[in-house]
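> all I have is the shape, not the residue letters:
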């Protein structure tokens, strides 16, 4: 007998698209826009899987998950949401849903998730806990994966390792997880210096709570000793340990400790891999201290094209600086340029000039010739990569940003690829 899927979605057109995809995949499909009607079907045990949207008109489905628990604690629940924030993913994870699908999603991925849920029915769903929000936003696939990891880890007390570039928000992400898990004991943060100074005494200070230990790449041998001992021999009141590190942590940490610390892992991507998240994140930071300001396409493209010094931390500094200026009306590129230059204290063109001089000196020392041509190739490689990243790979839009026509950009990209193969 075919498995039965109930779709709870108030968007009629999307409900129809999903129903057709599931029918083609061999499922029996029921669909409704009403949570009450869905609950009635669950009571009558008419379905095997529930696929539900989070926002149903003015109602949040997450607020009614406890009713699902009471009537069908055995049913896998998969939620869909266009609210691509950490809060949605974490609340879903805490509530015990089987999977969280951020909209828009691939229909084949949805079918695969439903099939997997029927093979591995999880434990009964606990009641939804009180909401909290840590200010994490993002629609990029890399951030959505991080949100899903947070949702899963919110249901456990295991150690967690947060990896990502310096400034990518690793410690903030750890704080969000601690907040969302409802830790009642003390929450203590410590970097390498404090960890060396206080040693295992930090475990007593944070007993019954959580320890957020930063910059694991810089832990000395004694620090690694006591952290490993704490993880291998936990006590009843041992704090949950969360650590932050760069992606190259394996070069700096002994394998035995890393295996204990990375039982749970959340990987935060660099800003360059977050696509349009950058403009979304900038707007979020800008609105933290002042009324939201409109950003047109030119401003969004400029923000997305920037190589942000100090990652998320650097972007936040610039956005908060702008918000403190008290300006009103649409945000302009010139304002952002001025703020970036004020923080860096340098003209970007001056940095490029200095880089060119260093490139020339290094090439000359190595006895190379045709230095100008090689420098141009290096500049083109960086410019084209940044432009394509800012436009999600659309060459026509990238060419427009660069002041080139599409054919010229295609030709020069081909030349770069040919040069790379020859090298």
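Arrived safely. If you're wondering where the values come from, they're calculated on a predicted model, not measured in any experiment.

> check which residues of stretch 355-365 are buried.
residue 363 (16 or more other CB atoms under 10 Å). (Glycine included, C-beta is placed from N, CA and C.)

> quick one: mean pLDDT over it.
For stretch 355-365, mean pLDDT rounds to 79.

> any idea how far that stretch is from the chain center?
With CA atoms, centre = their mean, to the nearest Å as the basis, stretch 355-365 stands 38 Å off its chain's centre.

> what's in contact with it?
Stretch 355-365 has contacts (CB atoms under 8 Å, 6 or more residues apart in numbering) with 371, 374, 375, 378.

> is it true that the second one lies in a strand?
When you say that, I think you mean residue 374. No: using DSSP: H, G, I helix; E, B strand; the rest coil, the secondary structure at residue 374 is helix, not a strand.

> which stretches of the stretch 101-250 of the chain form helices?
Along the stretch 101-250 of the chain, the segments classed as helices by DSSP state H, counting those that start in this stretch run 107-119, 141-153, 170-180, 192-198, 201-205, 221-232.

> next one: the stretch 301-423 of the chain
Using DSSP H, counting those that start in this stretch, helices in the stretch 301-423 of the chain cover 311-324, 333-344, 348-365, 371-390, 395-402, 406-422.

> between the third one and helix 371-390, how big is the angle?
Inter-element angle recorded for helix 348-365 and helix 371-390: 140 degrees (by axes from the mean of the first three to the mean of the last three CA atoms, to 10 degrees).

> coming back round to it: and the helices of the stretch 101-250 of the chain as CSV, adding mean neighbour count and mean pLDDT?
Shown next, in CSV, are these (neighbours: other CB atoms under 10 Å; pLDDT from 0 to 100):
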stretch, mean neighbour count, mean pLDDT
helix 107-119, 15, 91
helix 141-153, 21, 84
helix 170-180, 22, 89
helix 192-198, 15, 93
helix 201-205, 15, 94
helix 221-232, 16, 96
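
> I'd like the distance between the residue nearest the centre of the chain and residue 276.
By CA atoms, centre = their mean, the chain has its centre lying nearest to residue 143, at 2.1 Å. Distance, residue 143 to residue 276, by CB to CB, to the nearest Å: 11 Å.

> then residue 165?
Remark: distance between residue 165 and residue 276 (CB to CB) = 19 Å.

> so where do the strands sit in the stretch 151-300 of the chain?
For the stretch 151-300 of the chain, strands defined by DSSP state E, counting those that start in this stretch occupy the ranges 160-163, 187-190, 210-213, 240-245, 264-267.

> what is the fourth one packed up against?
The one in question is strand 240-245. Judged by 3 or more CB pairs under 8 Å, 6 or more residues apart in numbering; DSSP states H and E, the packing partners of strand 240-245 are strand 160-163, helix 170-180, strand 210-213, helix 221-232.

> which residues are in contact with the last one?
If you take CB under 8 Å, 6+ apart as the criterion, helix 221-232 is touched by 159, 192, 195-196, 199-200, 203, 213, 219, 238, 241, 243, 253-254, 256-257, 260-261.

> try it again at 10 Å.
If you take CB atoms under 10 Å, 6 or more residues apart in numbering as the criterion, helix 221-232 is touched by 158-159, 190, 192, 195-196, 198-203, 211, 213, 216, 219, 238-239, 241, 243, 252-254, 256-261, 263.

> circling back: same list (the helices of the stretch 101-250 of the chain) but as TSV, adding distance to residue 337.
As requested, those are exported to TSV (distance: least, CB to CB, whole Å):
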stretch	distance to residue 337
helix 107-119	40
helix 141-153	26
helix 170-180	27
helix 192-198	36
helix 201-205	44
helix 221-232	42
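
> which stretch among those helices comes nearest residue 59?
Closest approach to residue 59 among those (CB to CB): helix 141-153, 20.8 Å.

> which strands and helices sit next to that closest one?
Counting by 3 or more CB pairs under 10 Å, 6 or more residues apart in numbering; DSSP states H and E, the packing neighbours recorded for helix 141-153 are helix 86-95, strand 99-102, strand 160-163, helix 170-180, strand 264-267, helix 277-289.

> report the buried residues of stretch 66-84.
67, 68, 69, 72, 75, 76, 77, 78, 79, 80, 81, 84.

> now stretch 205-219
Buried, per 16+ other CB under 10 Å, within stretch 205-219: 206, 207, 209, 210, 211, 212, 213, 214, 215, 216, 217, 219.

> cool, and stretch 373-382?
By neighbour count with 16+ other CB under 10 Å, stretch 373-382 contains the buried residues residue 380.

> and this protein, what are its domains?
4-133, 156-269, 274-344, 348-422 (automatic domain parsing).

> lowest-confidence stretch among those domains?
domain 348-422 - the lowest mean pLDDT of the domains of the chain, at a mean of 79.

> centre of the chain to that domain, how far?
So, by CA atoms, centre = their mean, the centroid of domain 348-422 is 29 Å from its chain's centroid.

> just stretch 309-321 next, same as before
17 Å.

> next one: stretch 303-322
Distance of stretch 303-322 from its chain centroid, counting by CA atoms, centre = their mean, is 16 Å.

> now do the same end-to-end measure for it.
From its first residue to its last, stretch 303-322 covers 14 Å (CA to CA, to the nearest Å).

> could you measure from the residue of the chain most remote from its centre over to residue 359?
Within the chain, the residue lying farthest from the chain centre (CA atoms, centre = their mean) is residue 367, at 44.8 Å. As judged by CB to CB, residue 367 and residue 359 stand 15 Å apart.

> give me every residue that touches residue 32.
Counted by CB under 10 Å, 6+ apart, residue 32 has contacts 6, 7, 8, 9, 10, 15, 38, 39, 40, 41, 52, 56.

> phi and psi next, for it.
Dihedral pair for residue 32: phi -160, psi 160, per degrees, to the nearest 10.

> what does residue 247 give?
phi -60, psi -20.

> touching, the residue nearest to the centre of the chain and residue 312? I think so.
No: taking contacts as CB atoms under 10 Å, residue 143 lies outside contact range of residue 312: 11.0 Å.

> overlap of the contact sets of the two?
268, 274, 277, 281.

> got the contact list for the residue nearest to the first one when sequence neighbours are not counted?
Using CB to CB, 6 or more residues apart in numbering and skipping residues adjacent in sequence, the residue nearest residue 268 is residue 164, 3.2 Å away. Residue 164 is in contact with 142, 146, 170, 173, 244-247, 266-270, 311-312, counting by CB under 10 Å, 6+ apart.
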